[in-house]
Each structure stands twice: as structure tokens, then as C-alpha cells.
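Student: after the sequence you'll find the predicted model.
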Amino acid sequence: MTTEATTVPVIDLAVVLRDDAPESALAELRAAIEQIGIVQVVNHDVPPDLIADFHRRIGRILDLPRAEKAALASPTAHPYRGWRQWPDDFGRLELERFSIGQFDNADDARAAGVPDRYADVFAHANVWPPQEPGLREVAFAYQEALHGLALRVFGLYARVLGVPGSTFPIGERQYTTFVVNNYPTWTYDDSAGDDKLLLLEHADNSVLTVLHQEGDYAGLQAQLPDGSWSPVPIIPGALQVFTGSLFTRWTNGRLSPGRHRVAAGGTVTRRSSAVFVYPSLDTVVEPLSEFIGADGPEFEPYDVGGEAQRAVEDYLKVFGRPEQVAAWREGRPYVAAVNES
């Protein structure tokens, strides 16, 4: 009998990673990753002091006056480096974001073993705020801790699926991206009555994403198998793990991509930090024979490195505003205008 997933479960990693893990716990996890694609994990061994230290430091940056933060935008308008703000169509601030590349520059990527043909993914430098000189060291330590957790969960999911971890060719040097999102309190009167979405519904295109959330309301919502939305409560010490569409592709649809969104609410700024873990850049992800049935593969191959090289252009084609595209083409900073009234 298949366990029905009706909400995002809280999974004790210390229990399910044991060789003698209870079948009931593994069944709950299996149902969640096959039907929802999102779990909360506790006893994950990511040091709480590291989590707190990083969020204190990045919080001090995101709490700076807007004029100071504007100086922390990517000098080349790269949407995945440094600070940016994200207004809606009426100019109302929905989101601030601080993005950190896996490496500071292309030379660092090459030195770490990234093939030269993919070094241009890191050609646009990270932006490190001078106001917080210790941020770089702590941010990279935090990024590596969440990356390490993702790899442990990756092996666990393979076990739950009944296949060796080596089944999934994730590579030796995984590609990661790192984002901090700052969601403001929403003081506008939206008469429609529906939830105001600060981040639209989507599934990540990673293999796994590990996220930390903080605030005073459950703004993160997960889509359940029946299509409804369920809040993901903020549980002290818990981290959230999302199955990305690449894991879905490998399993030919057996694992559900974790569709989620963020709704407005609360009396304080909501903040989250996420590390997105991909296979190595020279990987092509396609359905594996272990998961292909009589109907054949349901997904086309996905070129991880090629998609990473096209990521900015693809993003700007869909979401870029004319002035943002112009700044990118001209290699100068871009800060979106916000309606302060």
C-alpha cells in the first residue's frame, strides 16, 4: 500500500540515515519525494552557529539603506551576482536578493578543476560588501555545509528508491548556485482577496535545493498532489530540501519536482537562503534505464554546462526589462526602480 502524502513532513535525518531505519519513516519519506518533492529535515548536522552567523552577517547587509545596497549590485548587471531588488508591475518592492557564485571568478573555477570550456560561467565576479569583511569566509563555509547536506540526502534518496547512489552520475565537482532572498512586509491593500505572491510558483531546475527560512509566518507554500497549497511552517533548526527538476528527469518522473511559492504576510521581513546543487557542468541529464518503462523516456536530455552558460540570456529573454537588458549589453550596473509611495 502506498503512503499518501498530504503535507510536507519533518524528517529526522539521524533516524532515516541509519542502516536499521524504520520502514515507516522511509515510507513517509518516499511518499513525500514521489508526490510533493519537499521535506523538512532536522538533525542534519549543519552547525546551528554557522547558520546563525551567516544570517546575522547577510542580514546586516540587507538591512542597510537602499542607497548603500545599490552600490553592491553587480558592476556588469549580472542578475546572479550581488544585490538586486525586484519590484512588481506597479513598482512595489516584492523581493530583494543577494546572489553568490560558487567561485569568485573564472581563474578560481579553473584552479578548482572546472573545465576551461565552462570557466566563463564564473567570469562575472562576486560582490563582497566592504561593510562586512568577514562575510566571504562565512558565506563559502555555509554554502559548502548546505552542499554537503544535499549530497547526504542525495544518497538517502537513492537508497529509498532502491538503487545504488552511483546510479545517478552527479560527477565529482558539482555545480552550485547560492541565493539569499529578502521578502518585505506587505502593507498594500490588494482587494482581490487572494494571497499576494512575492515569488511565483515554480520548481527549481537543480537536482536538490537546500533552504533555510526565517520570519514570523509560513510564507513558503508547497503544492500538494491534489494541486492545493500547504504552508511550510518555520521550525527552529529545520532545513528544507526541494527535489529539483533534474532529479525528476533522471527518474523519468518518479520523483516529483517540489513546486513552491512564497506569499506575503507577517510583521517582519522574511528571509531565506538557498543552495542549489547540480551535477558537474560536463553532465548531460536524461532518464536512466532503471526508471524507463515500456512507454520510453518522458524527458529530453538536459546539458548542465550549456544551460549554465545560457542562463543569463535565457533569464533576460523571459524576465528582463528593457533597461536591465541594456545595462547587461553595455556591461554596467542595473538597479530596478521602486515606487516608494
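Tutor: It's in.

Student: residue contacts, E300?
Tutor: Residues in contact with E300 (CB atoms under 8 Å, 6 or more residues apart in numbering) are E286. In this view, the C-beta of every residue, glycine as well, is placed from N, C-alpha and C.

Student: quickly find the element holding it.
Tutor: E300 is located outside every helix and strand, with elements delineated by DSSP states H and E.

Student: mind checking pLDDT for it?
Tutor: At E300, the model reports a pLDDT of 96.

Student: and it, what are its phi and psi?
Tutor: With angles defined as degrees, to the nearest 10, E300 sits at phi -80, psi 160.

Student: now it: how far from Y175?
Tutor: 20 Å (CB to CB, to the nearest Å).

Student: need the residues that contact the host helix or strand of F178.
Tutor: Using DSSP H and E, F178 sits within strand 175-183. Contact with strand 175-183 is made by 58, 62, 80, 94-102, 121, 139, 143, 147, 198-199, 206, 215, 219, 262, 264, 269-281, 304-305, 308, as judged by CB under 8 Å, 6+ apart.

Student: helices and strands around the helix or strand following that strand, which ones?
Tutor: Note on strand 175-183: by DSSP H and E, the next helix or strand toward the C-terminus is strand 197-202. For strand 197-202, the elements it packs on are strand 93-101, strand 175-183, strand 260-263, judged by 3 or more CB pairs under 8 Å, 6 or more residues apart in numbering; DSSP states H and E.

Student: and the ones you listed: which comes nearest T3?
Tutor: Relative to T3, the nearest member of those by CB to CB is strand 260-263, separated by 21.1 Å.

Student: direction included, what does that closest one pair against?
Tutor: Taking DSSP bridges as the criterion, strand 260-263 pairs within the sheet with strand 197-202 (antiparallel), strand 220-223 (antiparallel).

Student: need the CA coordinates for that strand. PDB is fine.
Tutor: Extracted in PDB, the C-alpha atoms of strand 260-263 (Å, rounded to 0.1, in the frame of the first residue of the first chain):
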ATOM      1  CA  HIS A 260       6.500  26.000  -4.300                       C
ATOM      2  CA  ARG A 261       5.800  29.700  -4.000                       C
ATOM      3  CA  VAL A 262       6.100  32.500  -1.400                       C
ATOM      4  CA  ALA A 263       3.100  34.500  -0.200                       C
END
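
Student: how close does the residue of the chain most remote from its centre sit to N252?
Tutor: Taking CA atoms, centre = their mean, the residue of the chain most remote from its mean C-alpha position is A294, at 33.5 Å. The gap separating A294 from N252 is 12 Å, by CB to CB.

Student: cool, and V160?
Tutor: Distance of V160 to N252, computed by CB to CB: 16 Å.

Student: also N105?
Tutor: Distance of N105 to N252, given as CB to CB: 38 Å.

Student: out of those two, which sits in the busier spot?
Tutor: N252 (20 against 15; other CB atoms under 10 Å).

Student: surely the more buried one is in a strand?
Tutor: No - using DSSP: H, G, I helix; E, B strand; the rest coil, the secondary structure at N252 is coil, not a strand.

Student: S289 is in contact with that one, correct?
Tutor: No - counting by CB atoms under 8 Å, N252 does not reach S289; the two are 9.4 Å apart.

Student: what sits closest to T283 if chain neighbours are left out?
Tutor: Leaving aside its sequence neighbours, T283 sits nearest to V304 (CB to CB, 6 or more residues apart in numbering; 4.7 Å).

Student: could you report the pLDDT at the one you found?
Tutor: Here the pLDDT value assigned to V304 is 98.

Student: of the strands paired with strand 260-263, which is nearest A31?
Tutor: Closest among the strands paired with strand 260-263, using CB to CB: strand 220-223, at 13.6 Å.
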